[in-house]
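Participant: The sequence and its predicted three-dimensional model are supplied below.
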Amino acid sequence: MTASLQFPCHEHPLIPRELSVNCTVHCNRCAHPILGSTRCCLECELFFHEWCTEWPLQIQHPSHPQHSLTLITDNCFSSNYCCHECCFSASAEDLVSTLPPLDEQAEERETINHFAHEHPLTSFSVTTPNNIRCGACKKEISGRVYGCRSCMLLLHESCAQLPQEILQHPFHSKHHLTLLADSQKQFKCNACGLPHEFAYHCDECRFNLDVLCAVSTLSLQDQHNEDSVMIDHFSHPHQLKSFSIEEDSNHITCKACELNLSGEIYGCLNCIFFLHKSCTELHQDLVHALHPNHFLILREKFGQSDGKFRCSCCSETSTGFVYNCAMCDFNLDIECALETLSILEAGAMEELQHFAHDHLLSLCYRKDYNGPNCNACKQPVHGLCYCCLSCESFVLHQSYCHTATELKHPFHPQHPLTPLPRPLEKRYFYCSACNRKSMGFTFYCAECDFYLDIRCANAKPTLRHQLHEHDLAYFERATSLHCNACGNSCNTDLYRCAPCNFNLHYDCLPLPPIIQHDFYHPYHPLTLCEKYVDERLDEQYCDACEETRNPDHGVYFCEPCCFAAHIACVIPVAEPEGRKAIENTKLNILDKEIASLKAEIERRAIKLERLLRESADKDSRFKDQFEEGSVHETSKTEIETEETKLTELKKLDEEIASLDAPIKQLKENIEAMKQNLEALENKQLGLMRKRGSMTS
């Protein structure tokens with residue numbers, strides 16, 4: 001990465017950082033998400049795409065050729081290029097993304113005439129984030145386009161090359177459809193019901209299909225094969241035929257659940273009537289735990305003239321199929337019925353009493369983020385949740401409904417924590433783990449005045465690091481912290497030991513993302529993973545030390561070999577006391593092997609000495625007996641025994657000699673590793689001194 005950058009609109013320099021995949025931040029200039037590399041002010045917690053910090057202060061753009069445009073920025077957040085003389089202003093990211101190259105000859109220029117625009121359209125690439133929409137399909141612009149930079153009209157390459165006429169469309173086979181474009185007029189699509197400026201039109205029938213609905217369904221007419229299935233369905237007078245359609249390719253929705261069509265579907269092309277395959281298999285009567293007293297009947301249309309009904313689960317208005325109890329005026333739309341039914345069958349409760357609220361909470365399903373925030377974490381709620389139907393303002397994420405009456409947490413190991421719906425004295429508290437202000441649920445230790453917010457209560461230390469004796473937990477956000485490696489403000493995308501106030505930026509972690517370990521796994525490089533679970537095993541083991549490991553902790557992993565090892569087994573681990581001396585696992589193993597070999601040599605040497613002494617004694621006795629002429633048959637046996645022992649001695653001698661080479665090699669390896677260890681310690685000491693000078 002390059003050095004820090006002085007940004008014109010900000011007092012502090014912007015430094016380069018690398019964000020982890022866990023961190024979600026948006027550029028403070030263009031508002032688009034940032035993935036990976038960023039330039040940021042850690043003190044002010046401002047983040048920018050690298051290219052958003054490189055916008056020129058002045059540009060010459062074809063959309064306003066008469067004057068230069070000056071970059072005007074409002075506190076780093078919204079930026080426009082303006083011409084004060086003409087009162088012209090336009091979005092900076094849109095103009096930058098469509099700037100012609102300085103050397104126009106370097107651009108591969110291909111020009112076409114298009115019926116929808118008076119000027120020729122030029123082919124070029126859009127590579128930076130912007131808010132421009134394709135004039136034809138209204139989807140985001142990126143990649144290769146055809147456009148008029150003067151008028152800021154851009155079309156995807158595929159949209160610019162659409163056929164002007166469709167001779168026979170499966171939704172309207174009687175007449176040709178002609179592609180029209182009119183920025184002053186909106187064509188209402190007969191398939192999805194939405195208005196569009198570009199549409200395929202039949203003037204005789206006043207029939208319209210927008211670009212996406214027309215093109216994505218063209219292939220349906222060709223899906224006539226032996227595998228096609230025809231079914232009868234109570235909701236439609238014609239038979240429905242099986243089709244397959246790509247996900248997210250159009251705006252057409254299923255008539256039952258009102259979600260976009262994708263995958264396997266059944267439909268009637270003439271009527272433009274479609275159902276997901278799963279929606280054709282819905283039971284026509286249903287016993288549901290949210291309304292256990294009566295059967296719910298599946299109806300195509302609600303009793304009202306407009307077919308609209310209010311779902312008793314999510315409280316939203318719908319026009320799709322409904323599970324209805326006419327006696328109780330109870331209604332469930334398809335999405336709520338299925339989502340809640342599946343979780344209730346899995347053992348969830350339809351109602352529960354929570355310590356933080358006086359009334360019973362009912363299982364609900366939220367389709368958007370427009371309702372009240374979760375009372376526990378104060379974040380928006382989407383999907384399954386528990387709500388108070390009486391108060392309507394009390395809602396909890398499903399994951400926060402079963403709060404422990406007492407919590408033992410590694411962030412405060414000395415005492416158990418008690419859950420509270422709100423702090424004891426004020427309306428808010430500061431979490432002792434992340435230092436952030438919160439107004440939601442808290443876990444509290446009265447003895448230590450320790451507060452833990454609900455999100456931090458779910459955080460667990462998972463990362464072992466060589467610079468600290470305790471495991472570190474990941475925090476996406478924190479407040480008023482400093483990195484123990486670089487000394488800078490450390491409030492975003494960090495690993496932290498809360499009890500010790502030890503913090504490291506994600507990109508200050510010296511843990512290499514990929515490492516080659518010649519001792520434990522010399523075959524392939526090992527990749528750092530947040531966690532790995534081998535589904536084949538009931539217990540998870542480290543393939544290096546062969547001890548059990550926590551499946552929620554980080555590992556070094558080799559996918560081809562399914563090799564997973566503790567980080568501490570692959571990377572040196574810190575000692576808790578003194579200067580952080582590195583313990584080298586491989587060195588320890590070599591030391592043990594040498595000690596074992598030395599013990600074996602000593603044992604064999606003692607045995608050799610005993611055998612030699614015994615042999616000498618017997619040899620002396622044998623000579624004395626032989627000279628006296630008193631050699632008996634037993635003497636031959638003794639001779640054979642002595643020869644056997646001599647052979648054994650020679651063999652032992654050879655074995656001992658053979659141990660010399662590996663001992664020498666092990667000694668050389670140990671010496672080399674000690675030198676490497678010393679170099680690492682010196683490097684670490686230098687970094688510690690540098691950090692001390694930065695923070696002092």
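Facilitator: Nice, thanks for sending it over. What you see is a predicted model, and the numbers here were worked out from it, not measured in a lab. Residues are numbered from 1 along each chain as shown.

Participant: Low-confidence regions, the protein specifically.
Facilitator: By pLDDT under 70, the low-scoring segments of the chain are 1-9, 75-78, 103-108, 222-226, 302-305, 510-511, 530, 571-642, 645, 648-696.

Participant: can you list the domains in it?
Facilitator: 165-280, 285-400, 407-457, 460-510, 511-600 (automatic domain parsing).

Participant: Could you dump these into TSV and include mean neighbour count?
Facilitator: Any C-beta I mention is one placed from the backbone N, CA and C, and that applies to glycine too. Below are the domains of the chain laid out as TSV (neighbours: other C-beta atoms under 10 Å):
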stretch	mean neighbour count
domain 165-280	17
domain 285-400	17
domain 407-457	17
domain 460-510	19
domain 511-600	15
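
Participant: what's the closest of those to Cys159?
Facilitator: Nearest to Cys159, of all those, is domain 165-280, at 6.4 Å by C-beta to C-beta.

Participant: Quick check: closest non-adjacent residue to Leu452.
Facilitator: Phe443 (4.3 Å; C-beta to C-beta, 6 or more residues apart in numbering).

Participant: What of Phe198?
Facilitator: Of all residues not flanking Phe198 in the chain, Ala136 sits nearest, at 4.3 Å (C-beta to C-beta, 6+ apart).

Participant: Now for the one you found: which residues touch it?
Facilitator: 116, 155-156, 159-160, 162, 181, 198, 211 (C-beta atoms under 8 Å, 6 or more residues apart in numbering).

Participant: Distance check, it against Val145.
Facilitator: Using C-beta to C-beta, to the nearest Å, Ala136 is found at 11 Å from Val145.

Participant: Overlap in contacts, those two.
Facilitator: Going by C-beta under 8 Å, 6+ apart, residues that sit against Ala136 and also against Val145 are 155-156, 160.

Participant: Of those, which belong to helices?
Facilitator: Members of these lying in helices (criterion: DSSP state H): Ala160.

Participant: out of the shared contacts of Ala136 and Val145, which one sits closest to Gly320?
Facilitator: So of these, ranked by how close each gets to Gly320 (C-beta to C-beta), first place is His156, at 31.2 Å.

Participant: residue contacts, that closest one?
Facilitator: Applying C-beta under 8 Å, 6+ apart to His156 gives the contacts 134, 136-137, 139, 141, 143-145.

Participant: just these now: which is nearest Ile231?
Facilitator: Checking the contacts of His156 against Ile231 by C-beta to C-beta gives Cys137 as the nearest, at 32.1 Å.

Participant: and the closest one, how many neighbours does it have?
Facilitator: 19 (other C-beta atoms under 10 Å).

Participant: That one is in what secondary structure piece?
Facilitator: Using DSSP states H and E, Cys137 falls within no helix or strand.

Participant: where's the residue lying closest to it once chain neighbours are set aside relative to Glu546, distance?
Facilitator: Spatial nearest neighbour of Cys137, chain neighbours left out: Val211 (4.9 Å); criterion: C-beta to C-beta, 6+ apart. Separation of Val211 from Glu546 (C-beta to C-beta): 60 Å.

Participant: got it, and Leu177?
Facilitator: Distance, Leu177 to Glu546, by C-beta to C-beta: 69 Å.

Participant: what's the nearest residue to Cys271 if we skip its chain neighbours?
Facilitator: Nearest residue to Cys271 in three dimensions, chain neighbours excluded: His238, at 6.5 Å (C-beta to C-beta, 6+ apart).

Participant: Check Phe171 too.
Facilitator: Once flanking residues are discounted, Phe171 sits nearest to Ile272: 5.3 Å by C-beta to C-beta, 6+ apart.

Participant: ok, the residue nearest to Leu452 touching His415?
Facilitator: No: taking contacts as C-beta atoms under 8 Å, Phe443 lies outside contact range of His415: 10.8 Å.

Participant: Spit out the contact partners of Cys41.
Facilitator: Applying C-beta under 8 Å, 6+ apart to Cys41 gives the contacts 10, 12-15.

Participant: Mark which of those residues are part of strands, please.
Facilitator: Mapping those onto strands (DSSP state E) picks out 13-15.

Participant: which one of those residues is nearest Gln168?
Facilitator: Leu14 (57.5 Å).

Participant: Quick one: neighbours of the closest one, just the number.
Facilitator: Counted by other C-beta under 10 Å, the residues lying close to Leu14 total 22.

Participant: Which element, helix or strand, includes the closest residue in space to it that isn't next to it in sequence?
Facilitator: Of all residues beyond its chain neighbours, the one nearest Leu14 is Arg39 (4.1 Å), with distances taken as C-beta to C-beta, 6+ apart. According to DSSP H and E, Arg39 maps onto strand 37-41.

Participant: From the chain's centroid, how far away is that strand?
Facilitator: Averaging C-alpha positions (C-alpha atoms, centre = their mean, to the nearest Å) puts strand 37-41 20 Å from its chain's average.

Participant: Give the pairing partners of that strand; include direction for each.
Facilitator: Partners of strand 37-41 in the sheet, by DSSP bridges, are strand 13-18 (antiparallel), strand 46-48 (antiparallel).

Participant: Redo those strands as TSV? Include distance to Asp94.
Facilitator: Below are the strands paired with strand 37-41 laid out as TSV (distance: least, C-beta to C-beta, whole Å):
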stretch	distance to Asp94
strand 13-18	23
strand 46-48	17
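
Participant: out of these, deepest packed?
Facilitator: With neighbours taken as mean count of other C-beta atoms under 10 Å, the strands paired with strand 37-41 reach their highest mean count in strand 46-48, at a mean of 23.

Participant: Angles on the backbone of the residue lying closest to Phe429 once chain neighbours are set aside, please.
Facilitator: The spatial neighbour of Phe429 that comes closest, neighbours along the chain excluded (C-beta to C-beta, 6+ apart), is Pro423 at 3.9 Å. The phi and psi values for Pro423, taken as degrees, to the nearest 10, are phi -60, psi 160.

Participant: contacting residues around Pro423?
Facilitator: By C-beta under 8 Å, 6+ apart, the contact list for Pro423 reads 429, 442, 444, 451.

Participant: Helices of the stretch 351-500 of the chain, residue ranges please.
Facilitator: Taking DSSP state H, counting those that start in this stretch as the criterion, the stretch 351-500 of the chain contains helices spanning 454-457.

Participant: whoops, I mixed them up, the chain
Facilitator: Under DSSP H, the chain gives helices at 92-97, 157-160, 211-216, 277-280, 334-345, 454-457, 567-570, 585-627, 633-695.

Participant: wait, Val287 sits on Ile297?
Facilitator: No: under the criterion of C-beta under 8 Å, Val287 makes no contact with Ile297, lying 11.4 Å away.

Participant: Nearest to Gln516 among the ones in strands among the contacts of Cys41?
Facilitator: Ile15 (30.4 Å).

Participant: That closest one is in contact with Cys486, isn't it?
Facilitator: No: distance between Ile15 and Cys486: 9.1 Å, which falls outside the contact criterion (C-beta under 8 Å).
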